[in-house]
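A.B. asks: what follows is a predicted structure for the sequence shown.
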Amino acid sequence: MSAPPLPRIQHMIGSGIVAAVGVWVTYVSYTATPSEAFLFPRLIATVFVVLALWTFAKACLGWTKVGGGITPTQVKNLAPGLIIALIYIFWAAKGFGFYTATAIAFFILLSLYDPAPHGQLKSWLKRIAITAGFMLVMYGLFAKLLTVYTPREVFF
(Lines give C-alpha, C1' and ligand atoms only; values in the text may rest on other atoms or scores of the structure.)
Protein backbone atom coordinates (compact mmCIF):
# COMPACT_ATOMS: atom_id res chain seq x y z
CA MET A 1 0.00 0.00 0.00
CA SER A 2 1.48 3.35 -1.00
CA ALA A 3 1.60 6.42 1.22
CA PRO A 4 -1.09 9.08 0.75
CA PRO A 5 -0.10 12.12 -1.32
CA LEU A 6 1.48 15.07 0.51
CA PRO A 7 -1.59 17.39 0.38
CA ARG A 8 -3.71 14.70 2.03
CA ILE A 9 -1.11 14.17 4.76
CA GLN A 10 -0.96 17.93 5.34
CA HIS A 11 -4.74 17.99 5.66
CA MET A 12 -4.65 15.08 8.09
CA ILE A 13 -1.99 16.77 10.22
CA GLY A 14 -3.74 20.14 10.23
CA SER A 15 -7.17 18.75 10.99
CA GLY A 16 -5.64 16.41 13.59
CA ILE A 17 -4.04 19.34 15.42
CA VAL A 18 -7.32 21.29 15.34
CA ALA A 19 -9.20 18.21 16.61
CA ALA A 20 -6.68 17.73 19.43
CA VAL A 21 -7.03 21.37 20.47
CA GLY A 22 -10.81 20.98 20.30
CA VAL A 23 -10.73 17.92 22.55
CA TRP A 24 -8.48 19.76 25.03
CA VAL A 25 -10.67 22.89 25.08
CA THR A 26 -13.81 20.79 25.49
CA TYR A 27 -12.23 18.81 28.33
CA VAL A 28 -11.23 22.02 30.10
CA SER A 29 -14.70 23.52 29.66
CA TYR A 30 -16.32 20.45 31.24
CA THR A 31 -13.85 20.10 34.13
CA ALA A 32 -13.02 23.71 35.05
CA THR A 33 -14.59 25.46 37.99
CA PRO A 34 -16.75 27.32 38.67
CA SER A 35 -18.93 25.20 36.44
CA GLU A 36 -21.52 27.89 35.70
CA ALA A 37 -18.79 30.19 34.34
CA PHE A 38 -18.06 27.69 31.60
CA LEU A 39 -21.61 27.03 30.40
CA PHE A 40 -21.31 29.11 27.22
CA PRO A 41 -17.75 27.93 26.40
CA ARG A 42 -18.90 24.35 26.96
CA LEU A 43 -21.62 24.74 24.32
CA ILE A 44 -19.25 26.31 21.78
CA ALA A 45 -16.47 23.81 22.55
CA THR A 46 -18.80 20.84 22.09
CA VAL A 47 -19.92 22.02 18.66
CA PHE A 48 -16.31 22.86 17.76
CA VAL A 49 -14.95 19.45 18.75
CA VAL A 50 -17.70 17.56 16.89
CA LEU A 51 -16.95 19.48 13.69
CA ALA A 52 -13.18 19.15 14.18
CA LEU A 53 -13.38 15.39 14.74
CA TRP A 54 -15.63 15.02 11.69
CA THR A 55 -13.12 16.95 9.56
CA PHE A 56 -10.25 14.84 10.87
CA ALA A 57 -12.15 11.61 10.16
CA LYS A 58 -12.92 12.80 6.61
CA ALA A 59 -9.23 13.60 6.07
CA CYS A 60 -8.13 10.18 7.35
CA LEU A 61 -10.69 8.35 5.21
CA GLY A 62 -9.75 10.34 2.11
CA TRP A 63 -13.19 11.90 1.73
CA THR A 64 -11.87 15.47 1.76
CA LYS A 65 -11.10 17.21 -1.49
CA VAL A 66 -7.61 18.62 -1.11
CA GLY A 67 -5.70 21.08 -3.22
CA GLY A 68 -1.99 21.37 -3.69
CA GLY A 69 -1.10 21.54 -0.02
CA ILE A 70 0.48 24.33 1.96
CA THR A 71 3.48 25.94 0.34
CA PRO A 72 6.51 27.21 2.28
CA THR A 73 5.46 30.78 1.40
CA GLN A 74 2.03 30.22 2.93
CA VAL A 75 3.62 28.79 6.08
CA LYS A 76 5.89 31.86 6.28
CA ASN A 77 2.86 34.14 5.91
CA LEU A 78 0.82 32.29 8.54
CA ALA A 79 3.61 31.84 11.11
CA PRO A 80 3.43 35.32 12.74
CA GLY A 81 -0.33 35.00 13.23
CA LEU A 82 0.02 31.52 14.69
CA ILE A 83 2.73 32.71 17.09
CA ILE A 84 0.55 35.63 18.26
CA ALA A 85 -2.41 33.26 18.68
CA LEU A 86 -0.37 30.82 20.78
CA ILE A 87 0.98 33.62 23.00
CA TYR A 88 -2.58 34.91 23.41
CA ILE A 89 -4.05 31.50 24.25
CA PHE A 90 -1.37 30.21 26.61
CA TRP A 91 -0.22 33.37 28.34
CA ALA A 92 -1.64 36.78 27.46
CA ALA A 93 -5.38 36.18 28.00
CA LYS A 94 -4.81 35.08 31.56
CA GLY A 95 -1.88 37.39 32.28
CA PHE A 96 -3.41 40.61 30.94
CA GLY A 97 -7.10 39.81 31.15
CA PHE A 98 -9.40 38.87 28.30
CA TYR A 99 -10.24 42.32 26.95
CA THR A 100 -6.75 43.83 27.21
CA ALA A 101 -5.05 40.78 25.67
CA THR A 102 -7.67 40.56 22.93
CA ALA A 103 -7.20 44.23 22.03
CA ILE A 104 -3.41 43.85 21.91
CA ALA A 105 -3.52 40.61 19.89
CA PHE A 106 -6.13 41.96 17.48
CA PHE A 107 -4.16 45.18 16.93
CA ILE A 108 -0.91 43.28 16.31
CA LEU A 109 -2.59 40.86 13.89
CA LEU A 110 -4.33 43.70 12.10
CA SER A 111 -1.03 45.56 11.80
CA LEU A 112 0.77 42.46 10.50
CA TYR A 113 -1.77 41.53 7.84
CA ASP A 114 -3.23 44.91 6.85
CA PRO A 115 -1.84 45.85 3.43
CA ALA A 116 -2.18 49.59 4.19
CA PRO A 117 1.19 51.39 4.40
CA HIS A 118 2.83 51.38 7.82
CA GLY A 119 4.44 54.74 7.25
CA GLN A 120 1.21 56.74 7.21
CA LEU A 121 -0.54 58.11 10.28
CA LYS A 122 -3.93 57.63 8.61
CA SER A 123 -3.47 53.84 8.37
CA TRP A 124 -2.49 53.63 12.07
CA LEU A 125 -5.51 55.68 13.11
CA LYS A 126 -7.68 53.36 11.02
CA ARG A 127 -6.19 50.30 12.74
CA ILE A 128 -6.80 51.86 16.16
CA ALA A 129 -10.41 52.68 15.24
CA ILE A 130 -11.02 49.16 13.90
CA THR A 131 -9.53 47.64 17.07
CA ALA A 132 -11.67 49.89 19.28
CA GLY A 133 -14.80 48.97 17.30
CA PHE A 134 -13.96 45.27 17.50
CA MET A 135 -13.45 45.52 21.26
CA LEU A 136 -16.76 47.35 21.72
CA VAL A 137 -18.51 44.52 19.89
CA MET A 138 -16.64 41.88 21.94
CA TYR A 139 -17.46 43.62 25.23
CA GLY A 140 -21.09 44.13 24.23
CA LEU A 141 -21.42 40.52 23.14
CA PHE A 142 -19.73 38.78 26.07
CA ALA A 143 -20.24 41.12 29.03
CA LYS A 144 -23.62 42.64 28.26
CA LEU A 145 -25.56 40.39 25.88
CA LEU A 146 -24.39 36.92 26.92
CA THR A 147 -23.21 37.85 30.44
CA VAL A 148 -20.54 35.15 30.39
CA TYR A 149 -17.37 34.80 32.40
CA THR A 150 -14.17 36.08 30.77
CA PRO A 151 -10.68 35.64 32.25
CA ARG A 152 -9.94 38.63 34.51
CA GLU A 153 -6.43 39.15 35.78
CA VAL A 154 -4.02 42.08 35.74
CA PHE A 155 -6.00 44.80 33.97
CA PHE A 156 -9.63 43.64 33.54
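C.D. replies: That came in fine, so what should we check first?
A.B. asks: could you find the closest non-adjacent residue to the most centrally placed residue in the chain?
C.D. replies: Nearest to the mean C-alpha position of the chain, counting by C-alpha atoms, centre = their mean, stands residue 85 at 6.2 Å. By the measure of C-beta to C-beta, 6 or more residues apart in numbering, the closest residue to residue 85 outside its immediate chain neighbours is residue 105, 7.5 Å from it. No exception for glycine: its C-beta is placed from N, CA and C like everyone else's.
A.B. asks: now the one you found, what's its secondary structure?
C.D. replies: Under DSSP: H, G, I helix; E, B strand; the rest coil, residue 105 falls in the helix class.
A.B. asks: what about it, how many residues close to it?
C.D. replies: Neighbouring residues of residue 105 were enumerated by other C-beta atoms under 10 Å; the total is 20.
A.B. asks: please apply the same query to residue 12.
C.D. replies: 19.
A.B. asks: ok, the one 5 residues further on next?
C.D. replies: Other residues within reach of residue 17 by the criterion other C-beta under 10 Å amount to 12.
A.B. asks: quick check: buried residues in the helix or strand hosting it?
C.D. replies: Residue 17 belongs to helix 6-31 when elements are defined using DSSP states H and E. Neighbour counts over helix 6-31 (16 or more other C-beta atoms under 10 Å) mark 8, 10-12, 15-16, 18-19, 22, 25-26, 29 as buried.
A.B. asks: tell me the first helix or strand C-terminal of it.
C.D. replies: Where DSSP H and E defines the elements, the next helix or strand beyond helix 6-31 is helix 39-61.
A.B. asks: so what's residue 109 up against?
C.D. replies: Taking C-beta atoms under 8 Å, 6 or more residues apart in numbering as the contact definition, residue 109 lies against 81, 84.
A.B. asks: distance of it relative to residue 75?
C.D. replies: Taken as C-beta to C-beta, to the nearest Å, the spacing of residue 109 relative to residue 75 amounts to 17 Å.
A.B. asks: what do you get for residue 31?
C.D. replies: If you go by C-beta to C-beta, the gap between residue 31 and residue 75 works out to 34 Å.
A.B. asks: repeat that for residue 130.
C.D. replies: Taking C-beta to C-beta, one finds residue 130 at 26 Å from residue 75.
A.B. asks: more neighbours, the two?
C.D. replies: The residue with more neighbours, out of residue 130 and residue 75 and counting by other C-beta under 10 Å, is residue 130; that gives 14 against 10.
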